[in-house]
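> need a structure here:
(one chain, ligands or ions: 2)
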Amino acid sequence: MADLKLTVDHSTDAERGAVDAVLTADDHAVVRVTERLVRGGMARRKARRHLLLPGLHALQAEVGWISPGGLNYLCDVLQVPPAEGYGVATFYDMFRTDDPGHTDSVHHVCIDTACHIAGAEQFAQQLEAEGKQVHRGPCLGQCERAPARFVQGRGEPDHVPADTSGQPAAPHRASVRRLLKRVGVVDPTSLASYREHGGYAALARAIDIGPDAMIDEIRAAGLTGRGGAAFPTAIKWRGVADEHGRSKHVIANADESEPGTFKDRVVMENDPFSVIEGLTLAGLTVGAEHGWIYIRGEYPLATRRLRHAIDEARSAGLLGGDVLGSGQAFDIELRRGAGAYICGEETALIESIEGFRGEPRNKPPFPSTHGLFGEPTAVNNPETLLSAMYIAEHGPDTFRLEGTEKSPGTRLFCLSGHVAAPGVYEVAMGTTLGDLIELAGGATGTTRAILMGGAAGTFVGADQLDMPLTHEDTRERGTTLGSGVVTLFDDSVDFMSLVLRIAEFFRGESCGQCVPCRVGVVRQHEVLVELRDSGAALRPERHELVDDIARAMADASICGLGHTAAGAVQSAIRLGLIGGTP
Ligand SMILES: Cc1cc2nc3c(=O)[nH]c(=O)nc-3n(C[C@H](O)[C@H](O)[C@H](O)COP(=O)(O)O)c2cc1C
Ligand code: SF4
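Numbering: from 1, shown residues only. Ligands and ions are numbered 1, 2, ... in the order given. Modelled structure (predicted):
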């Protein structure tokens, strides 16, 4: 290969063994030779590059870093230019490219929103005092048990010390249980238990009525995506179903990295078969043979349970050449992310699976026509898949019995921060913010502000408790449901420090590909640092600058990260949480 420049470093037996084990595993989806636009032009290459990310994980787990020799070997066998392999390895927070020496496992401590106010810094210092190697980093998706920690193993598997049973906090009052109906009820490791509790009834009916009727029911139900953008699911599925003559894919987007979000984790840990069934339903409906679950790297328990569930489903004929006697083939491959918020954006996720840096693509074309490997692809959040299963099983009219005309159905909300019982709560859309908080035992202390939708969302004041949780009502009040984050902050919180951390989060997570976002997130952070250091009120010209930066990012960025990076900062200023009295 012309541009393959290997260094003189040699791999060790252990590194070669780890890489070979991944590359020869027989559970990889068969991907045909494909054509892909690679930066320098059109290149025809064997589509084994998608094994780069699993290969990097194997090296990191085996020796604690991606050594030049290990990277050489991986790139050589995959025919990937080492410079590009290095570029991919350095994109992700979980991979080290410097020799850690004899250090032990790395303890990742979350310093975002809920953990920020729950003493994350003191927790990190305490671990350091115990001689542990600590990495302060973004949200780990365990906000209900803040401050959160994830241990990236060296000589031990990756694990979350707080994972015991994986059970979510119990709601304080009965809520609707459609999507969570099996959580805490079924044995997550048993297909038999899943089927005893109604598992695979939805898929059986979807097969029975056929793809067109299934999409019609999804449309009639008015289901919109639960991953944040609220795009109509029927339009997405119809688009992929209408593509003929090419191999197709469906992807469950389980990257769940929005600070404050942990609902997908709770579902995957406690009801993993439902995600498998939901993705299979989506695949059979749009005519895809390949299913992928892209799960965030910091979810070891959910990863283990999903992997086990996929194996069980395959053994039972629920995946494979003839799914549930339908005559259709469908199988699922699990892919583990490696610590990059931007990989939740669907085209960045696709790039990541393909073995490239997780940088969002320009759209159009959209994934429904040109997605994974340039082929038609539907990307959905796990909660969307569970909602589609509910519609398949009960029909659109029953789905609409909860929720409002424009926002039908139920939603999962992630409550954290200053609330009595942080956890995942399912409620009908249209439930008020106040009632949702009451369901979680009520606020602790005097609520000063509530962050809706996570770091990419906005703060609202305690005067918004009457707000119905629908797309239309939140939009009207200048906020968002986003991915279902509701984080409460009482009046003891140092909002300057909190908002500064949110700005720092975006500065750290921007992929840097487009100028407005790459520069905007840095400038925004700088203005806040200056504001904090001055200890004075925000001067009008600095306020104007914040608004200018926000406009430029919203108007000219490629993806949603740039579009939303200023929302929390601007709303904090508006509410007088920072910068002095508005
Ligand atoms: C920066 C960024 C991060 C995102 N993270 C996630 C995520 O973790 N999970 C998710 O489902 N969608 C995420 N999304 C939205 C996806 O791009 C996509 O809209 C979604 O997966 C589609 O699924 P849905 O239609 O079922 O909502 C993110 C978007 C952006 C811009
Ligand atoms: S908006 Fe930001 S995160 Fe998105 S592509 Fe541009 S630089 Fe990357």
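> make it CA atoms for all contacts and neighbour counts henceforth
Noted.
> Tell me which strands the strand of greatest length in the chain pairs with, and in which orientation.
Longest strand in the chain, counting residues (DSSP state E): strand 410-417. Each strand paired with strand 410-417, and its direction, by DSSP bridges: strand 423-428 (antiparallel), strand 485-490 (parallel).
> Can you lay out those as TSV showing mean neighbour count and distance to Arg226?
Output for the strands paired with strand 410-417, formatted as TSV (neighbours: other CA atoms under 10 Å; distance: least, CA to CA, whole Å):
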stretch	mean neighbour count	distance to Arg226
strand 423-428	25	13
strand 485-490	26	12
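> mind checking pLDDT for Tyr200?
With respect to pLDDT, Tyr200 scores 98.
> That one and Ile207: what is the separation?
11 Å (CA to CA, to the nearest Å).
> same check, this time on Pro396
From Pro396 to Ile207 the distance is 16 Å (CA to CA).
> Any regions of the stretch 1-150 of the chain where pLDDT drops low?
1-5, 26-47, 103 (pLDDT under 70).
> so where do the helices sit in it?
13-23, 52-63, 68-78, 82-89, 113-116, 120-129 (DSSP state H, counting those that start in this stretch).
> Of all those helices, which one is nearest ligand 2?
helix 82-89 (14.8 Å; CA to the nearest ligand atom).
> in the closest one, what counts as buried?
Across helix 82-89, burial judged by 16 or more other CA atoms under 10 Å covers 82-83, 85-86, 88-89.
> For ligand 2, tell me which of those residues show up nearby.
When contact is defined as CA under 6 Å from any ligand atom, the buried residues of helix 82-89 do not meet ligand 2 at all.
> Would you tell me which helix is longest in this protein?
Ranked by residue count and defined by DSSP state H, the top helix of the chain is helix 515-534.
> Establish whether that helix and ligand 1 are in contact.
No. Using CA under 6 Å from any ligand atom, helix 515-534 never reaches ligand 1; the gap is at least 11.6 Å.
> Mind listing what's buried along that helix?
516-525, 527-529, 531-532.
> Can you add distance to Gly297 and give the buried residues of helix 82-89 back as TSV?
What follows is these, written out as TSV (distance: CA to CA, whole Å):
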residue	distance to Gly297
Pro82	23
Ala83	23
Gly85	19
Tyr86	19
Val88	15
Ala89	14
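> Using PDB, write out every CA atom in the longest strand of the chain.
Output in PDB follows, covering the C-alpha atoms of strand 410-417 (Å, rounded to 0.1, in the frame of the first residue of the first chain):
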ATOM      1  CA  THR A 410     -44.600   8.200  27.100                       C
ATOM      2  CA  ARG A 411     -41.000   9.300  27.700                       C
ATOM      3  CA  LEU A 412     -38.100   8.300  29.900                       C
ATOM      4  CA  PHE A 413     -36.700  11.100  32.000                       C
ATOM      5  CA  CYS A 414     -33.400  11.100  33.800                       C
ATOM      6  CA  LEU A 415     -33.700  13.000  37.100                       C
ATOM      7  CA  SER A 416     -30.500  13.900  39.000                       C
ATOM      8  CA  GLY A 417     -29.000  16.700  41.100                       C
END
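> contact partners of that strand?
For strand 410-417, contacts defined as CA atoms under 8 Å, 6 or more residues apart in numbering pick out 113-115, 117-118, 143-144, 176, 178-179, 226, 260-263, 383, 402-403, 421-429, 437, 440, 483-489.
> about what we covered before: who has more neighbours out of Tyr200 and Ile207?
Tyr200 (24 against 21; other CA atoms under 10 Å).
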